[in-house]
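**Student:** The following comprises the amino acid sequence and a computationally predicted model.
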Amino acid sequence: MTQQLRQLVLVSAATVCMALTPHAFGASASSPCANNTESRQLDFWIGDWAIGGQGAATSASSHVSLALDKCAIIEQWDGGRGHRGENIFAYSADDKNWHGMFVDNEGRVHIFLEGKASSDGLTFLGPGIGADGASVLNRVRIIRIGPNRVDQLWEKSADHGKTWSTAFHGEYSRKNS
């Protein structure tokens, strides 16, 4: 990992941590996120989900919830074959941008420096390292298909976003309550 990329990852991790701990930096007792329209843009994803798609285990699942006075969206997922992880997303009123972090039980950590909302969901971008050690760009899209269906598409680009290859495509179906 280059020194510049290492510094970028450290700054990004610090930014995500600050976004997720507003009370530590003098935020008021009332939640600034609860009624913030931008902070509510991923609320369609809150709930319990079965994850399907090509190559998915039949027991793959996801639990998405709010945390930190509704300032963070946390996905706890289980791939059904021992692979588990958490995704943490938050909107920063400071820079008017979504940020995210992916961590799994296999030692992977991905930081998403930029997140933008659209009419059908959110798209997150962040730097990474490919299997060959070369720099890649990660793009994760969380797409609302309907009230009980969400797709998550994780893509990678080795040419700075000119072309993309699919690393993961999860089809989320809301579990019955």
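**Tutor:** Everything's here; your move.
**Student:** From the chain's centroid, how far away is the lengthiest strand in the chain?
**Tutor:** Using DSSP state E to define each element, the chain has its longest strand at strand 135-146. For strand 135-146, the distance from its own C-alpha centre to the chain's C-alpha centre is 8 Å (Cα atoms, centre = their mean, to the nearest Å).
**Student:** Can you tell me the strand partners of that strand and which way each runs?
**Tutor:** Here strand 135-146 is paired, per DSSP bridges, with strand 121-129 (antiparallel), strand 149-157 (antiparallel).
**Student:** List the buried residues of the first one.
**Tutor:** Within strand 121-129, the residues that qualify as buried are Gly121, Leu122, Thr123, Phe124, Leu125, Gly126, Pro127, Gly128, counting by 16 or more other Cβ atoms under 10 Å. Yep, even glycine has a C-beta here, placed from its N, CA and C like the rest.
**Student:** Quick one: the helices in this structure, in order.
**Tutor:** 3-20 (DSSP state H).
**Student:** Where does pLDDT dip in it?
**Tutor:** Across the chain, the ranges flagged by pLDDT under 70 are 1-29, 177.
**Student:** Can you show me the strands along it?
**Tutor:** Applying DSSP E to the chain gives strands spanning 47-52, 61-67, 72-78, 84-92, 97-104, 109-118, 121-129, 135-146, 149-157, 165-174.
**Student:** Looking at those strands, which is nearest to Ser31?
**Tutor:** strand 61-67 (9.9 Å; Cβ to Cβ).
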